[in-house]
Structures are given as structure tokens and as C-alpha cells.
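requesting a structural model of the entry that follows:
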Amino acid sequence: MGTFRNASSTSKKVQKQEREWLGVSFKPENFIPGLIIGFIFGFLLDLSKPAKTSGGKKVGGSVLGRNHQQPRIMFTNGDEELKMVLVVRQDLKMGCGKIASQCAHAATGIYSEIMYSHRSLLRQWELCGQPKIVVTCKNQQEMNKLKDTAESIGLPTFTVADAGRTQVSAGSKTVLAIGPGNKSAVDSVTGKLRLL
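The predicted model follows:
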């Protein structure tokens, strides 16, 4: 009978020690730092993986169709400066305010498209000061050629399709954003275009 009491008292001591350990572990001064560390770790883990995009979502004035694919973006070396070029169509004869708003749509559109899939590219561009250059092209055909050329060398693009509420008809392609990308790569596509 004596061994049964010893085993029972040993078991009670172990349970008491476990309760004391749990009591120390779940104090607010231990829990809150653990919660913060877990949040930071989760955030960093989220940043490291690309987000999946669904088809048919509306982004910055243009609707991306179901067949829209993730751009094959050229990765940059850390030494070269990055820039974005906004190409405005001349044949639409938009006013200054309209051009400004369409350029804003293009810049925010490309930003929101690649912020989930290529955050490191955006961070590098932000560190360069987010340079944006505005140039002109003659018409839709020239804009289409520029877009195809940029995409063929891995530069991200975004075309603004106007809603048609003011100066141009609905669906008109007004501004093409190219980049951010290596300055030399962007210049190879847009370097001969006239500044606005």
C-alpha cells in the first residue's frame, strides 16, 4: 500500500508542477510578445510567396479577362536604376487634366497588378524614388506595338481602357504603362518616343 501512496503523491506533484508551468507561460507579459512575433513571422512569410490572382477582376480602369496571365517579369540586377514610362496617345486629343488622371490610372494599375506577384521589384523601384516618365505615341497601333515589344522582353505593362464619361469614348485605350524595369530595358522600348 505504501508504494501506491508514493506513486499517487508523485503524480500529484507532477500535475502541480505542470499547472505552475502553464500559469507562468500564459501570463500577459509572455503572451503578447509571442503574439507579436507570430504576427511578424506570418507577415514575412506572406511577403515571400506570390499571391494568386483570379480572372475577371477590375483593376485601375481596365478589366482583366480570364485569360490574363501573370506577366513574365524580367528580374533586375541590384545595380541598375529602375523606371516606369507612361505612354499617352496623341490622336485622342485629351486635355491636360484628362491626361493626368489617365496616367494616374496607369501607374496605380500596374502597381496593383504586380504588388502581389513581384513585391521585390516594387520595393527596388521605390528605393530608386519611383521614377516615372511620360511620353507620347501617335495612335493605338503604335501603342500595341510598344506593349508587345515590352512584354516580349519581360517588362510588365498595363493599358488603361477609359470609362467614357468625359472626353473620349468608352473602351478607348488612353495610356500604356511600361515598367517598372531596368532603365536600359525600358529605354530600349520607349527611348525614341517624344516627351510629353
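
domain map for the chain?
Following automatic domain parsing, the chain resolves into domains at 2-48, 58-195.

which one of the ones you listed has the poorest average confidence?
Of all these, the minimum mean pLDDT falls on domain 2-48 (a mean of 65).

can you pull out the strands in this structure?
Under the criterion DSSP state E, strands of the chain are mapped to 58-59, 62-63, 82-89, 132-137, 157-161, 173-182, 194-195.

nearest to Gln102, of the ones you listed?
strand 173-182 (4.3 Å; CB to CB). (C-beta placed from N, C-alpha, C; glycine too.)

tell me the strands beside the closest one, with direction?
strand 82-89 (antiparallel), strand 157-161 (antiparallel) (DSSP bridges).

could you export the first one as CSV, CA atoms only?
Written as CSV, here are the backbone C-alpha positions of strand 82-89 (Å, rounded to 0.1, in the frame of the first residue of the first chain):
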residue,chain,number,x,y,z
LEU,A,82,14.6,51.2,-62.4
LYS,A,83,11.9,53.4,-64.0
MET,A,84,8.4,53.4,-65.4
VAL,A,85,7.3,55.0,-68.6
LEU,A,86,3.7,56.2,-69.3
VAL,A,87,2.8,56.3,-73.0
VAL,A,88,0.0,58.7,-73.9
ARG,A,89,-1.9,58.5,-77.2
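
taking strand 132-137 as reference, get the angle to it.
30 degrees (axes from the mean of the first three to the mean of the last three CA atoms, to 10 degrees).

now the last one
Between strand 157-161 and strand 132-137, the angle formed by their directions is 60 degrees, by the same axes, to 10 degrees.

of all the strands paired with strand 173-182, which lies closest to Pro180?
Of the strands paired with strand 173-182, nearest to Pro180 by CB to CB is strand 82-89, at 4.6 Å.

which of the residues in stretch 92-99 are buried?
92, 94, 98-99 (16 or more other CB atoms under 10 Å).

let me fix that: stretch 153-173
The neighbour-count check on stretch 153-173 (16+ other CB under 10 Å) flags 155-162, 167-168, 172-173 as buried.
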